[in-house]
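Engineer: give me the fold of what follows.
(one chain, ligands or ions: 1)
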Amino acid sequence: MKDGLHILELEIAQRGRVLVSLDLKIAPGEIVTIMGPSGSGKSTLLSALIGALAPEFEMRGHVLLNGIDITDLSTRQRRIGLLFQDDTLFPHLSVGANLAFALPPTVRGKGARMARVERALLDAGLDGFSGRDPATLSGGQRARVSLMRTLIAEPNALLLDEPFSKLDADRRTHIRAFVVDRVRQRALPALLVTHDAEDARAVGGRILDPLGREISL
Ligand SMILES: Nc1ncnc2c1ncn2[C@@H]1O[C@H](COP(=O)(O)OP(=O)(O)OP(=O)(O)O)[C@@H](O)[C@H]1O
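Structural biologist: Below is the predicted model:
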């Protein structure tokens with residue numbers, strides 16, 4: 001059942017102070033933005049969603065992904081893709097090997113794996129880049145490879161942790177549109193966390209703060 005990401009009465013507190021209080025459903029292909037200043041709990045929310053919340057925090061509530069309660073599942077079992085601001089491509093691996101590394105084990109055989117990698121590069125407008133050293137790519141190209149590496153793992157949802165913040169204005173606009181497009185195309189529920197109003201506005205969709213209050217820009 002592909003019915004998206006359902007954050008059900010989720011509350012995260014630290015020493016009695018509530019940082020996150022959310023109750024929302026993100027439909028397949030929808031991007032919801034959580035916006036708040038530094039220290040407001042955005043990263044804490046993301047760690048809770050991937051199942052890696054530090055023990056200092058208390059958490060209540062549930063997270064459902066495509067109808068399945070994933071609250072107590074391990075990070076790996078959740079199959080949630082995460083895209084960070086700092087790109088995390090392995091510097092000692094080629095672009096193609098970086099992508100192949102993220103392929104699910106269910107894709108077997110060298111030919112099938114290579115075909116998937118080629119398809120992802122084509123989709124990113126990076127046909128022929130498989131053998132390239134990541135260090136030789138531009139910031140925008142690296143951002144596209146990073147997104148493809150997240151998507152090639154076939155996640156059921158996508159979390160975006162300020163993925164545009166280190167790009168210059170032109171690239172930023174371009175990558176933002178690229179991400180929104182892929183999210184829609186693959187019908188992934190996505191959550192963007194940012195402190196940047198322009199990113200939030202440009203992505204479109206609902207904007208909330210970590211306490212679930214709607215923000216209108
Ligand atoms: N591992 C941790 N242990 C204890 N407290 C933490 C931990 N990580 C974050 N905090 C605290 O939790 C609060 C929320 O931090 P969080 O990193 O979620 O904010 P943020 O909105 O993501 O900020 P930024 O935009 O700077 O990344 C802060 O008061 C922070 O000091």
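Engineer: mind checking how far the spatially most central residue of the chain is from A120?
Structural biologist: Compute the mean C-alpha point of the chain, and by C-alpha atoms, centre = their mean the closest residue is L159, 2.6 Å away. Taking C-beta to C-beta, to the nearest Å as the measure, L159 falls 19 Å from A120. For glycine as for every other residue, the C-beta is placed from the backbone atoms N, C-alpha and C.
Engineer: and H92, by the same measure?
Structural biologist: Taking C-beta to C-beta, one finds H92 at 20 Å from A120.
Engineer: pull the residues that contact the helix ranked longest in the chain.
Structural biologist: In the chain, assigned by DSSP state H, the helix with the most residues is helix 169-185. The contact list for helix 169-185 (C-beta atoms under 8 Å, 6 or more residues apart in numbering) reads 29, 31, 83, 123-124, 138-140, 143-144, 147, 151, 158, 160, 163-164, 167, 188, 190, 199, 202-204.
Engineer: follow-up on the earlier one: looking at H92 and A120, which one has more neighbours?
Structural biologist: The residue with more neighbours, out of H92 and A120, is A120; 24 against 9, by other C-beta atoms under 10 Å.
Engineer: doesn't T150 make contact with the more buried one?
Structural biologist: No - under the criterion of C-beta atoms under 8 Å, A120 makes no contact with T150, lying 10.4 Å away.
Engineer: what is the burial count for the residue lying closest to T194 once chain neighbours are set aside?
Structural biologist: Once flanking residues are discounted, T194 sits nearest to E162: 5.3 Å by C-beta to C-beta, 6 or more residues apart in numbering. Around E162 sit 18 other residues, with neighbours defined as other C-beta under 10 Å.
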